[in-house]
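Colleague: Here is a sequence with its predicted model. Questions after.
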Amino acid sequence: MVQVKAEYDFDAQPNSGEISIRAGDVLTVIRESIDGGWMEGRNARGSVGLFPEAYVTPYQAQRAGAQPPPTVPPPLPQVAPQSSSSFIPSSRNYNDDWGAEPAAPAYQAAAHPSATSLPEVPRASYPALSNNDDFDDEWSDEDEEHEPSRPSATTTTASLASNSRRDLSRSHSEHGADRGSSKVNKNINRFSNFVKSGVEAYVIGDSKTSTPISERHEVVINQGIIQWKPIQQYYTCVVDKPKKESKLKGLKSFIAYSITSSLTNIQVSRRYKHFDWLHEQLSAKYIFIPIPPLPEKQVAGRYEEDLIDHRKHILQLWVNKICRHPVLSQSEVWLHFISCTDEKDWKSGKRRAEKDEYIGGSFLNCITVPQQPLDPNAVDQQVERFQRSVKTSEEAMRVMQERMNMFQKVFAGPVKQNWQKMGSAFKTLQQSFEIDETVASRRLTDALAHTASEYHEIGQVFDAHTKNDMEPVLENLYSYKGTVQNVPDIIHVHKQALQKFRESEGRLSSMEAEKMKQRIDAMSYAVIAEIQHQTAEKVEDLKSTMGTYLKRQAAFYQDVASKLGALSARYD
């Protein structure tokens, strides 16, 4: 059995499949040369995990004194910090298969650095190791809410296998964490999306795939505008009928939603965790498309009517955006999600999606673009302009969200209460006239009673207005903000690709440089097409949202005015 000795300290990250090692530790090697510069091994305590190959040396060779003490490897290149939100989804530790072994990952980063590639950033690639993977049966009754797992030493690698596809999504909040060492401080950057997503491998022409492309998309130039090829057949999906269901004789409960597509008229039942899984797949595959956010997970009040209704509305917005997107609406995993009713086919489709090789940078191989070369400076200017637009829009949306929230609280609180307090005042005034027996007094008493009742009702109407008219605006703002917060990461990876080309251009032959330029152009075409789509979506969404809100505002105040007008007639 091969053994190695640690020469540097390495601190593992939680739930990552890594193992902490200290200088002097002796480890038994289980697997060597894992893509990206990792090894898998077992320490003296029996814990199994991954550690950087550069941090260890052969143990037997050292014991024999055949090798001098190792020199310190140079630190890996720094990658500029990215924003706190990632366009690649946050890693989630599920037991989420429908009975299939977890798929081996399809990352496409270069296995060996070349003269044209950055030094490889260590990242883990794991085979399928676990059968504890029934998507429907391995979830607790709190499965709608994410609960971080606590893998044991013997299950660390197995849990990584089920998460291998999502390894490229690890949180940017962990960016730039220095790994201390008793001998030397070394900095391992595990989180370069440019490398881990396979974009670098695509740029340098080292993207490895073994299966035929089954899903193709096209970028076209229409009247001088670069855009995704328009949808040939528009369709809609309706999220409806939220229903509390249970299994295992009530031990597990959840909310299921029906989804009906106009494409097939088939109704399917999906749980929140299914949406969550789909979001992971879309985010991992379409890395240059910002995927809209799902409703936030929440444990408290999980089955309260308002929460269920709110979640349904956000899911409907999410589904609407997928249906309107020229690429996402044609995605194989999405079409499977909205149309499959057979359990066996459902599991097969899930396995197929998780084994998809064309994710991340490799997805760019599925895109056909115009032959016309792009001017890098013009591309830079367009991307920068979009980035500024997103930044200012995001801030404006935040301000609007704050004001609308305040409006909601005022209408549902003080405004409602003051109308109803005025109703109580009218009621008191009415009662003071009841002791009079005259006909005129009785008519006035009648009018005052109706006024008291209507004022109380108007207070309720103000409360309902916050939900019926203001809540949709807030939901749309939430959806927009959650979508564009991924844009900085997309732009950052695109900039890294352009920088990679500029650095490599002088070291390549003219033919190699031309091929790399074509791949860069393909990526830029995809980014610009997505910019065009997101810009058009923002305009249409805002027009529709604000137009509908103001129409409802007008109808609301007209209703209040009508009630007050009818009351005034009682005093004639």
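Modeller: Right, received. Where do you want to start?
Colleague: Export only the CA atoms of stretch 21-32, formatted as PDB.
Modeller: Extracted as PDB, the C-alpha positions of stretch 21-32 are listed here (Å, rounded to 0.1, in the frame of the first residue of the first chain):
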ATOM      1  CA  ILE A  21      -3.600  17.100   7.400                       C
ATOM      2  CA  ARG A  22      -0.700  18.300   9.400                       C
ATOM      3  CA  ALA A  23       3.000  18.400   8.600                       C
ATOM      4  CA  GLY A  24       4.400  15.000   9.500                       C
ATOM      5  CA  ASP A  25       1.100  13.000   9.100                       C
ATOM      6  CA  VAL A  26       1.500   9.700   7.300                       C
ATOM      7  CA  LEU A  27      -1.400   8.800   5.000                       C
ATOM      8  CA  THR A  28      -2.300   5.700   3.100                       C
ATOM      9  CA  VAL A  29      -3.200   6.500  -0.500                       C
ATOM     10  CA  ILE A  30      -6.500   5.200  -1.900                       C
ATOM     11  CA  ARG A  31      -6.500   7.000  -5.200                       C
ATOM     12  CA  GLU A  32      -3.800   9.000  -7.000                       C
END
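Colleague: What ranges does the stretch 201-350 of the chain have for its helices?
Modeller: With DSSP state H, counting those that start in this stretch as the criterion, the stretch 201-350 of the chain has helices at 272-285, 305-324, 332-339, 343-354.
Colleague: any idea how far the last one is from the chain center?
Modeller: If you compare the mean C-alpha spot of helix 343-354 with that of the full chain, they lie 21 Å apart, counting by C-alpha atoms, centre = their mean, to the nearest Å.
Colleague: on that earlier part again, select, out of the helices of the stretch 201-350 of the chain, the one closest to residue 525.
Modeller: With C-beta to C-beta as the measure, helix 272-285 is the member of those nearest residue 525 (17.8 Å). For glycine as for every other residue, the C-beta is placed from the backbone atoms N, C-alpha and C.
Colleague: Return the list of helices and strands in contact with the closest one.
Modeller: Helices and strands touching helix 272-285, by 3 or more C-beta pairs under 8 Å, 6 or more residues apart in numbering; DSSP states H and E, are strand 252-261, helix 305-324, helix 332-339, helix 343-354.
Colleague: Which of those sits closest to residue 420?
Modeller: helix 305-324 (20.9 Å).
Colleague: For the closest one, buried residues please.
Modeller: Burial within helix 305-324, assessed by neighbour count using 16 or more other C-beta atoms under 10 Å, is assigned to 308, 310-324.
Colleague: closest to residue 361 among the residues you listed?
Modeller: Checking the buried residues of helix 305-324 one by one against residue 361 (C-beta to C-beta), the nearest turns out to be residue 322, at 22.1 Å.
Colleague: Surely that closest one is in contact with residue 328?
Modeller: Yes. If you go by C-beta atoms under 8 Å, residue 322 and residue 328 touch, sitting 4.8 Å apart.
Colleague: For stretch 470-478, the averaged confidence score.
Modeller: For stretch 470-478, mean pLDDT rounds to 93.
Colleague: Show residues contacting that stretch.
Modeller: With C-beta atoms under 8 Å, 6 or more residues apart in numbering as the test, stretch 470-478 has contacts from 293, 310, 313-314, 317, 397, 400-401, 404-405, 407-408, 411, 541, 545-546, 548-549.
Colleague: What about the residues you listed, which are in strands?
Modeller: The members of the contacts of stretch 470-478 all map outside strands under DSSP state E.
Colleague: Mind giving me the PyMOL command for buried ones among the residues you listed?
Modeller: Filtering these down to the buried ones (16+ other C-beta under 10 Å) takes a single PyMOL command:
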select buried, resi 293+310+313+314+317+397+401+404+407+408+411+541+545+549
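Colleague: Look at residue 540 and say how many residues are nearby.
Modeller: 11 (other C-beta atoms under 10 Å).
Colleague: Ok, which of the helices of the stretch 201-350 of the chain comes nearest residue 211?
Modeller: Among these, helix 343-354 sits nearest to residue 211 (C-beta to C-beta), with 10.1 Å.
Colleague: Downstream of the closest one, the next helix or strand is which one?
Modeller: Heading C-terminal from helix 343-354, the first helix or strand you meet, by DSSP states H and E, is strand 367-368.
Colleague: And this structure, what are its domain boundaries?
Modeller: Residue ranges for the domains of the chain, per automatic domain parsing: 1-74, 217-368, 376-569.
Colleague: Look up how far residue 341 lies from residue 295.
Modeller: Taking C-beta to C-beta, to the nearest Å as the measure, residue 295 falls 24 Å from residue 341.
Colleague: Show me which of those two is the more surrounded one.
Modeller: residue 295 (20 against 11).
Colleague: next one: phi and psi at that one?
Modeller: phi -60, psi 150 (degrees, to the nearest 10).
Colleague: Hmm, it is touching residue 310, no?
Modeller: Yes. Residue 295 is within contact range of residue 310, at 6.9 Å (criterion: C-beta under 8 Å).
Colleague: Go through the buried residues of helix 305-324 and name the one nearest residue 364.
Modeller: Distances from residue 364 to the buried residues of helix 305-324, taken by C-beta to C-beta, are shortest for residue 322, at 20.5 Å.
Colleague: Report the contact partners of that closest one.
Modeller: So residue 322 contacts 237, 282, 292, 328-329, 334 (C-beta under 8 Å, 6+ apart).
Colleague: Can you convert the residues you listed into TSV and add a column each for neighbour count, pLDDT and distance to residue 44?
Modeller: TSV is the format used below for those (neighbours: other C-beta atoms under 10 Å; pLDDT from 0 to 100; distance: C-beta to C-beta, whole Å):
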residue	neighbour count	pLDDT	distance to residue 44
237	23	95	55
282	24	95	43
292	24	94	48
328	21	96	49
329	18	96	54
334	21	96	48
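Colleague: and the two most separated of those residues?
Modeller: So, those by C-beta to C-beta: farthest apart are 237 and 282, at 14.5 Å.
Colleague: tell me the mean pLDDT for stretch 245-262?
Modeller: Averaging pLDDT along stretch 245-262 gives 81.
Colleague: nope, stretch 504-518 is what I was after
Modeller: In the prediction, stretch 504-518 has an average pLDDT of 87.
Colleague: Pull out the buried positions in that stretch.
Modeller: For stretch 504-518, a neighbour-count test (16+ other C-beta under 10 Å) marks 504, 508, 513, 516-517 as buried.
Colleague: Export that stretch to CSV, keeping only CA atoms.
Modeller: What follows is stretch 504-518 as a C-alpha-only set of coordinates in CSV (Å, rounded to 0.1, in the frame of the first residue of the first chain):
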residue,chain,number,x,y,z
SER,A,504,-1.8,33.4,-24.7
GLU,A,505,-2.1,35.1,-28.1
GLY,A,506,1.6,35.9,-28.5
ARG,A,507,2.7,32.3,-27.5
LEU,A,508,0.5,30.5,-30.0
SER,A,509,0.8,29.8,-33.7
SER,A,510,-1.4,31.8,-36.0
MET,A,511,-3.7,28.8,-36.5
GLU,A,512,-3.9,28.1,-32.7
ALA,A,513,-4.6,31.7,-32.0
GLU,A,514,-7.3,31.8,-34.6
LYS,A,515,-9.1,28.8,-33.1
MET,A,516,-8.9,30.2,-29.6
LYS,A,517,-10.3,33.5,-31.0
GLN,A,518,-13.2,31.6,-32.5
